[in-house]
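>>> need a structure here:
(chains A and B)
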Amino acid sequence: MAVITEVPSPFCGVGTDDLSIQVDGIALKVVAYGCAVNTPAFEQAIGDSNPRLAGKSVSLEVAVTQAATLLAQTKQPVIGGCATDVHGMRALLSLADRCGAVIDNMGFNAARNNFLALQDSGWMNTTLAEVKNRCDLLLVVGTDLEAIVPRFFERYLWNEAMFLDDSRQRQVIYLGKPPSGNASTSPNGQKAQVLACDDSALPEVVGVLRALVKGQPIRADKAGGIAVADLQSIADKLKAAKYGVVTWGAGALGINSHAELIVQTVSEMIKDINKGTRCSGLPLAGKEGDLTANQVCGWTTGYPARVRFSKGYPEYDPYLYDTHRMLANGEADALVWVNAFNVKAVPPESELPTIVIGRSGMTFAKEPDVFIPVGTPGIDHAGHAYRTDNVVAIRLLKLRESGLPSTGEVLSAIEAEVQGVQHAN
Amino acid sequence: MLIKLTGGKVYDPASGVAGLIQNVYFKDGRIIDKPGDQPVDKEYDCHGKVVMSGAIDMHTHIGGGKGNIARTMLPEDHRQDPVPRTNITRSGNGHAMPSTYVTGYRYAEMGYTAGFEPAVLPINARQAHMEMADIPILDKGGYVMLGSDDYFLRMLTAKKDQKAINDYVAFTINAAKAIGVKVVNPGGINAFKFNQRKLDLDEQNVHYGVTPRQILQVLATAVKELGISHPLHVHGCNLGVPGNMQTTLDTIQGIGGLPLHLTHIQFHSYGTEGDFKFSSGAAQIAEAVNKNKNITIDVGQILFGQTVTASGDNMRQHANHKFANPNKWVVMDIECDAGCGVVPFKYQDQNFVNALQWAIGLETFLLVDDPWRIFLTTDHPNGAPFTSYPHLIRLLMDRTFRNEVLATIHPEAQKMTTLASINREYTLDEIAIMTRAGAAKLIGLKERGGLAPGYWADITIYTDNVNREAMFSKPDYVFKDGELVVVDGKVVKTKWGTTHIAKPNYDASVEKDLKDYFDRYLTMKLGNFKISDDEITEDERGSLTVHPTKTAI
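This next block holds a predicted model:
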């Protein structure tokens, strides 16, 4: 039995890397700095490690051959999930390029709210260490932060800061969704200011806030149920702060259609604030490989996600190449589902030939044609993953000897066999 | 396999060979002496052709987060230039910020065999290496960025001695797997986080009380004392600001003879003369470069058309966002380490400022005497995409062509440049120095950038053509490590290049302070920050090549 310290996590999105994990054979136990997200994800038991064809146990070689045989007969398969490490994504993109597939990562409907804003007008953003050391005012828009990132406040706010005399004096303001717990309460007892409104009122509220920051006159007294005078006080605080940070969870805004306009409005407001003082956005999106998929897809194809290779070159459409939409409209002729992180993230139901490359222990209502259990990056093999701020890549460690193959190894083996079949034809 | 290149005109400035008809032999990836009676396995007829070593781009943004922001921000640019897959190459797309695979193919198809990313943020170094690991054919490497990181500035404020600074610099080069050190807007990226909007050479950071001049002095000294071959790589203060020529001249004067590489100097060579208060400072800058042998420069030529600027200089990029075309832009503060700014640009020949920028770059090329101290860059993609190099080479080698283009730019810009009166035409030997031997020497690459026995067989063969753009666009053959990778300007085989690094020695006790700093202030453990060798090599296609420093580990 050994305890490994300073273990980085691919699960929580913020790249926590202070975990201590006890390894006993193939059993893991988080013994320090666990949280509601990381602890169960690391401790998940390994489950059946044999590949299956329609529920029947087979060798890895047989499963790989069957997957390749299925894929070689397709014209436009869709590869969904895409939840793996950098090397797994490299192999996935290589296979997609060869097969003329469409690729789509799981969290993209949420991340799209950020990417569409980026692609239309851009933003001024910051990263976690800047928040920790510089942020004197945190505005949380439409998001229950501690539900997404349980240790956010502990690690990045109520903690030593290089440029603040007393980090407990930082102001926290919630706009929209109120916090579900007390993580945002300062160690000195100061509670976060909460200006609550329905999620559906958020577009109106951020629109008015942006106008107030710009000094535009607002005739109404209220916006989304919030007094305009209260919004004015937020605008004033943002302009008075030395280093304000505005954060949002892209997925939390999704109840609104075109939630990217909320992101855009907030981002343009931040640009306006920077005419006088400093202020930055901190989009929180992506865990379990979402941002990793976007990054690797970005440098390999030029596009962040939802790329189609069936014309021989990458084409991007953030709406059309949605796995669920393609399956529903009969636009795909096979489904490959990749998720090396989460046994509960099973593929959407489909009558199409289905190949699942999934975290060992994944179970299905309907057995796929091919299921190949793989190891989890950061547990069963080394790898790389991106953090939510999209700048820092963390080095994932191998913690145990499970014998499970990596996503990259399995997808590369499938591609090699597809190539063999293509050449034979 | 023994390969012979027969009868080509060889330009190998590293060996002092300038246009001699010579045979070149190589075997098992390396150039060899003329073998005795050993049979030649394959012979290439190179009569009428020009033989050079593979070209080396010593400053090109090919790896790292800001490049990927630029890519993902500009889908409309990619849609103009899709690149289909072939039996041997991957698909992707090109233009301003090409995908990684296309970057490798297109460089190789122009006869380049190595490229160096000049702005590797320590905290983003993993990404830089991961992207470069997906660039086929080319060798690569990076210069790690220091000078705006809070740890370094705290050291200066605390008056740590030069030895302590040297240890920190050496530690960072090792941790980030770099081959050199760069400073971008010295201290300015940091000052922007404290809401300073400009920072002159002698202006203090409001928090640390440190000036850019001090930062340059301390870092240039560290690089020299550690014996890093590549001089401190400097993106100076006041990029793009009219009148910044004086800042650049002061930077050269103030460094007291220490080796300094001033990068994309075109963006730092502006005067304030004329009706538009914008003029060329190229003559003064070139004079200073000619006089000060410790100075090397690359130009950062702009060429007309759409591109995107991606820089660590968030302060200046923020100031320039009003020129964004299309109108979208990103500025980031990053991890108490550095920052970045990504602003799309469309350089237009009928825009006075852009037209004069074009002329200033060319004046600089033509007025600096020593081709061993000036390098051919567009600061890809900031001045223009790297794919415009053959056009740039023609502008340098063909005065008639240059003057034809000059006659088409903004008329007021024509009046403000001396370009028409400069007769110089670069020779093939000088091009080979700038893009091969000189670049390898500057970076400190051993056994690259030349054709002497023992060198790696990175070789490019062109058909001699008075139209130099056509000639340099389409080499007949390119060999990488002795393997034929390009024929008639098209990739015929792909392989993986190596990653060039330096490993300067340092006192391990430096990690004690750093560990405490990381634990208190940063969001990653020091042990997880350092990039291990296996991160580069574990996929079985990457490799590390360590180049000597005075104090190597």
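>>> can we go C-alpha only for contacts and neighbour counts from here?
OK.
>>> Can you read off the backbone torsions of whatever residue of the stretch 251-400 of chain B ends up closest to chain A?
Using Cα to the nearest Cα, the closest approach of the stretch 251-400 of chain B to chain A is made by residue B:328 at 4.1 Å. Phi and psi for residue B:328, reported as degrees, to the nearest 10, are phi -150, psi 150.
>>> center of chain A - which residue?
residue A:286 (1.2 Å; Cα atoms, centre = their mean).
>>> so the residue nearest to the spatial centre of chain B is in which element?
Central residue of chain B (Cα atoms, centre = their mean): residue B:59, 0.3 Å from the mean position. Using DSSP states H and E, residue B:59 sits in no helix or strand.
>>> Local confidence estimate at it?
Looking at residue B:59, its pLDDT is 98.
>>> contacting residues around it?
B:115, B:116, B:117, B:118, B:377, B:379, B:380 (Cα atoms under 8 Å, 6 or more residues apart in numbering or on different chains).
>>> How about residue B:480?
Counting by Cα under 8 Å, 6+ apart, residue B:480 touches B:29, B:54, B:113, B:137, B:457, B:458, B:459.
>>> Turn these into TSV, including secondary structure and neighbour count.
As requested, these are exported to TSV (DSSP: H, G, I helix; E, B strand; the rest coil; neighbours: other Cα atoms under 10 Å in any protein chain shown):
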residue	secondary structure	neighbour count
B:29	coil	19
B:54	coil	31
B:113	strand	30
B:137	coil	26
B:457	coil	30
B:458	coil	30
B:459	strand	27
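>>> For residue B:169, grab the count of nearby residues.
25 (other Cα atoms under 10 Å in any protein chain shown).
>>> Excluding chain neighbours, give the residue nearest to it in space.
Nearest residue to residue B:169, sequence neighbours excluded (Cα to Cα, 6 or more residues apart in numbering or on different chains): residue B:222, at 7.1 Å.
>>> Buried ones in stretch A:252-272, by neighbour count?
A:252-254, A:259-272 (16 or more other Cα atoms under 10 Å in any protein chain shown).
>>> er, stretch B:498-511 actually
Using 16+ other Cα under 10 Å as the test for burial, stretch B:498-511 gives B:498, B:499, B:500, B:501, B:502, B:503, B:504, B:505, B:506, B:510, B:511.
>>> who does the third one bridge with?
Listed by DSSP bridges, the beta-bridge partners for residue B:500 are residue B:141, residue B:545.
>>> and the host helix or strand of residue B:393, what other elements does it pack with?
Using DSSP H and E, residue B:393 sits in helix B:389-397. When contacts are defined as 3 or more Cα pairs under 8 Å, 6 or more residues apart in numbering or on different chains; DSSP states H and E, helix B:389-397 sits against helix B:352-367, helix B:399-406, helix B:468-473.
>>> Domain-wise, how is chain A divided?
As assigned by automatic domain parsing, chain A contains the domains A:48-107+A:288-424, A:111-284.
>>> okay, those domains, which one's buried deepest?
Among the domains of chain A, domain A:48-107+A:288-424 has the highest mean neighbour count (mean count of other Cα atoms under 10 Å in any protein chain shown), at a mean of 22.
>>> burial of residue B:38, as a residue count?
8.
>>> For residue B:31, see how far away it is.
15 Å (Cα to Cα, to the nearest Å).
>>> Same check on residue B:85?
From residue B:85 to residue B:31 the distance is 33 Å (Cα to Cα).
>>> try residue A:141
62 Å.
>>> Among the buried residues of stretch B:498-511, which one lies nearest to chain A?
Set against chain A, the nearest of the buried residues of stretch B:498-511 by Cα to the nearest Cα is residue B:511 (16.2 Å).
>>> Tell me if I'm right that residue A:226 and residue A:196 touch.
Yes - the pair residue A:226 / residue A:196 is scored as a contact, 7.3 Å apart, by Cα atoms under 8 Å.
>>> Return the residues of the stretch 301-425 of chain A in contact with chain B.
Of all the residues in the stretch 301-425 of chain A, those in contact range of chain B (Cα under 8 Å from any Cα of the partner chain) are A:301-304, A:311-316, A:391-395.
>>> Return the subset of the residues you listed lying in helices.
Among these, the members found in helices (DSSP state H) are residue A:301.
>>> Pick out the lowest-pLDDT one from the residues of the stretch 301-425 of chain A next to chain B.
Comparing those by pLDDT, residue A:391 comes last, at 86.
>>> Which other helices and strands does the helix or strand containing residue B:441 contact?
Using DSSP H and E, residue B:441 sits in helix B:438-443. Secondary-structure packing of helix B:438-443 (3+ Cα pairs under 8 Å, 6+ apart): strand B:55-57.
>>> And for the strand it packs on, what's in contact with it?
Under Cα under 8 Å, 6+ apart, the answer for strand B:55-57 is B:111-116, B:376-377, B:432, B:435-436, B:439-440, B:449, B:460.
>>> Report the strands that pair with that strand, each with its relative direction.
Strand B:55-57 has these strand partners (DSSP bridges): strand B:112-120 (parallel).
>>> what's in contact with the partner strand?
The contact list for strand B:112-120 (Cα under 8 Å, 6+ apart) reads B:54-64, B:107, B:128, B:137-145, B:176, B:182, B:311-312, B:458, B:460, B:480.
>>> average pLDDT across that strand?
98.
>>> now it, how far from the centre of its chain.
Averaging C-alpha positions (Cα atoms, centre = their mean, to the nearest Å) puts strand B:112-120 6 Å from its chain's average.
>>> export that strand as CSV, just CAs?
What follows is strand B:112-120, C-alpha atoms only, in CSV (Å, rounded to 0.1, in the frame of the first residue of the first chain):
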residue,chain,number,x,y,z
TYR,B,112,12.3,24.5,-44.1
THR,B,113,13.3,21.8,-41.7
ALA,B,114,13.1,23.6,-38.4
GLY,B,115,11.1,26.2,-36.6
PHE,B,116,11.4,27.9,-33.2
GLU,B,117,8.5,29.1,-31.1
PRO,B,118,9.7,32.3,-29.5
ALA,B,119,7.1,32.9,-26.8
VAL,B,120,6.8,29.9,-24.6
